[in-house]
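1. whatever this is, show me its structure:
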Amino acid sequence: MLSSVWVALGFSLTCTSALSLISPAWFQTPTFSFGILTYCSWPQGNSWNQSCVTFSSLEDIPDFAWKVSAVMLLGGWLLLAFSAIFLLSWAVAPKGLCPRRSSVPMPGVQAVAATAMIVSLLIFPIGLACPFVKEVCKASSMYYGGKCRLGWGYTTAILNAVLASLLPIISWPYTTKVQGRTIIFSSATERIILVPEMNK
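-> All right, here's what the predicted structure looks like:
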């Protein structure tokens with residue numbers, strides 16, 4: 001049961017992380033919004049008539065901290081996507097095809113992905129001090145948005161990173177001792193394994 005939750009959570013976090021990655025709604029004003037890869041503008045009072053631009057390369061991104069954040073967030077998302085696809089295929093594969101289900105290396109990959117995402121989200125607000133953002137947000141500085149307010153895209157990215165950091169914790173086997181034997185509750189195999197305790 002727990003491994004199914006692990007796979008479902010990993011897959012859904014990959015999808016919502018992709019949505020926040022391409023979202024232009026990280027920081028917003030009444031006529032402008034920007035995200036890590038996209039920015040949009042629209043006439044006052046007519047937000048349905050948006051004109052959006054995507055940064056096509058790293059050179060187009062206006063600040064070095066923003067570039068580092070974009071690379072780390074994209075790398076974290078790719079690792080999360082890889083682990084989700086691997087775990088999904090692992091979950092639907094016949095048991096005879098994957099005999100060593102308890103030794104899946106995905107918790108480590110997911111931990112690296114979560115760490116990269118969290119660090120990138122901490123680095124991104126340093127870029128609020130760049131001229132591009134200062135022109136829009138008026139008096140913005142590092143970790144201060146000025147007249148720009150926090151949007152749903154950045155909030156979703158933070159929530160995704162926090163939940164992704166819980167994925168490796170969910171996957172670790174739980175261990176307890178009962179009458180001289182170690183019982184391992186393995187979420188990856190959904191079995192109870194009795195291991196005799198060695199005398200010292």
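
2. against which helices or strands is the helix or strand hosting Gln110 packed?
-> Gln110 is located in helix 106-123, with elements delineated by DSSP states H and E. Packing contacts for helix 106-123, counted by 3 or more C-beta pairs under 8 Å, 6 or more residues apart in numbering; DSSP states H and E, involve helix 2-22, helix 64-92, helix 152-171. In this view, the C-beta of every residue, glycine as well, is placed from N, C-alpha and C.

3. contacting residues for Val7?
-> Ala84, Leu87, Leu88, Trp90, Ala91 (C-beta atoms under 8 Å, 6 or more residues apart in numbering).

4. show the buried residues in those.
-> Ala84, Leu87, Trp90 (16 or more other C-beta atoms under 10 Å).

5. and those residues, which is closest to Ala161?
-> Nearest to Ala161 among the buried ones among the contacts of Val7, counting by C-beta to C-beta, is Ala84 at 14.9 Å.

6. ok, now which ones touch Phe55?
-> Leu37, Thr38, Ile61, Ala70.

7. Thr155 too?
-> Thr155 neighbours (C-beta under 8 Å, 6+ apart): none.

8. nearest to Val53, of the buried ones among the contacts of Val7?
-> Distances from Val53 to the buried ones among the contacts of Val7, taken by C-beta to C-beta, are shortest for Ala84, at 29.4 Å.

9. before we move on, the earlier item: would you turn the contacts of Val7 into TSV with pLDDT?
-> Output for those, formatted as TSV (pLDDT from 0 to 100):
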residue	pLDDT
Ala84	85
Leu87	78
Leu88	77
Trp90	72
Ala91	69
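
10. now those residues in a markdown table, with distance to Ala116?
-> Listed next are the contacts of Val7 as a markdown table, based on distance: C-beta to C-beta, whole Å:
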| residue | distance to Ala116 |
| --- | --- |
| Ala84 | 15 |
| Leu87 | 18 |
| Leu88 | 21 |
| Trp90 | 22 |
| Ala91 | 24 |
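
11. no more questions from me, cheers.
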